[in-house]
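Asks: Give me a 3D structure for the following:
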Amino acid sequence: MQLGHLATAAGPTLFAADASRWVDVPDALPGAPRTLDALVRADADWLPRIQHALATRGTPGFPDAPLAPAVTAPGMIVAIGLNYADHCREFGVEPPTAPVVFAKHPSSLAGHGADVVWDTTVTDAVDWEVELGVVIGAAARDVSPETALDYVFGYTIVNDVTARDIQKVEQQWVRSKSLDTFCPVGPVVVPAASVPDPQDLAVRARVNGVAMQDSSTKQMIFSVAEIISVLSRSFTLQPGDLIATGTPLGVGAFRTPPVRLADGDVMELEIEGIGTLVNTCRTTTGGTR
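Replies: Here you go, the predicted structure:
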């Protein structure tokens, strides 16, 4: 089963889907959470009821409607840098001995199909990064690597869009990673029970149909479980928080010659078992959108 959000006039609306059908959750289950964020934080376990509604009341196909971000209200977006050895090599640094942690602002969220927009007077060196996203399902404080995956609600795709020129001149990465629309998430969240091993997933990115990244989460330096454990020793991860776990070799900035995203470019980010996150690039000049 997959979970996501329809973009409606009333706000993001939770839907569930499988390979052949989908269901509007609040419509099928009166009283059910309207968003995935509310579902994750709910006291009741709604997943079996949602699964039953999907099986008995589902509409054939997949929603033919705009999608909102698969996670709409995370308390935190915690990101991990330099978490693939091949990406460290292209970045020109030694692999870290501990996770490199930074934040992306929730205001940077965007949905599947949405435009990624930037002002060329702010940045003209924008790059893609395909990453496995982890949605926390229970409060995690000081957890061990052995139990860390018990705190995961599900997995999604994150595009850690980055302004490389800003990143290059600022010691902190937050601004370069947090421009509005610089965190597309989706198209769906897959519950953890459907992803038996998050360290065995193919990870790919294409720009305008050209393969740019092709790797596997097997290549992570720090596993999902290790990341959650390390983070939880410093601060409590809350239900609905989102972790972006790092990107592999193949981003645009370190290619020969470098590749910069431009107006009209289409990014397709794919992770095995989750789907494909698609966004189109749009540029403005001098603050006009």
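Asks: so where do the strands sit in the stretch 101-250 of the chain?
Replies: Assigned by DSSP state E, counting those that start in this stretch, the strands in the stretch 101-250 of the chain fall at 109-110, 115-119, 126-127, 130-136, 152-159, 162-163, 183-191, 202-207, 210-216, 242-244.
Asks: what's the closest of these to Phe15?
Replies: For Phe15, the closest of the strands of the stretch 101-250 of the chain is strand 183-191, at 8.8 Å, according to CB to CB. All C-beta atoms are positioned from the backbone trio N, CA, C, and that covers glycine.
Asks: tilt between that closest one and strand 152-159?
Replies: 150 degrees (axes from the mean of the first three to the mean of the last three CA atoms, to 10 degrees).
Asks: taking the mean pLDDT, what do you get for strand 183-191?
Replies: The pLDDT scores in strand 183-191 average 98.
Asks: My read is that Gln172 contacts Phe102, right?
Replies: Yes. Between Gln172 and Phe102 there is a contact at 7.3 Å, judged by CB atoms under 8 Å.
Asks: Between those two, point out the one with more neighbours.
Replies: Phe102 (17 against 10; other CB atoms under 10 Å).
Asks: show me the contacts for the more buried one.
Replies: Applying CB atoms under 8 Å, 6 or more residues apart in numbering to Phe102 gives the contacts Val78, Ala79, Gly81, Gln172, Trp173, Val174, Lys177.
Asks: before we move on, what about Tyr151?
Replies: Residues in contact with Tyr151 (CB under 8 Å, 6+ apart) are Ile136, Gly137, Ala138, Ala139, Ala140, Val143, Ile228, Ser232, Leu237.
Asks: hmm, which of those are the buried ones?
Replies: Ile136, Gly137, Ala140, Val143, Ile228, Ser232, Leu237 (16 or more other CB atoms under 10 Å).
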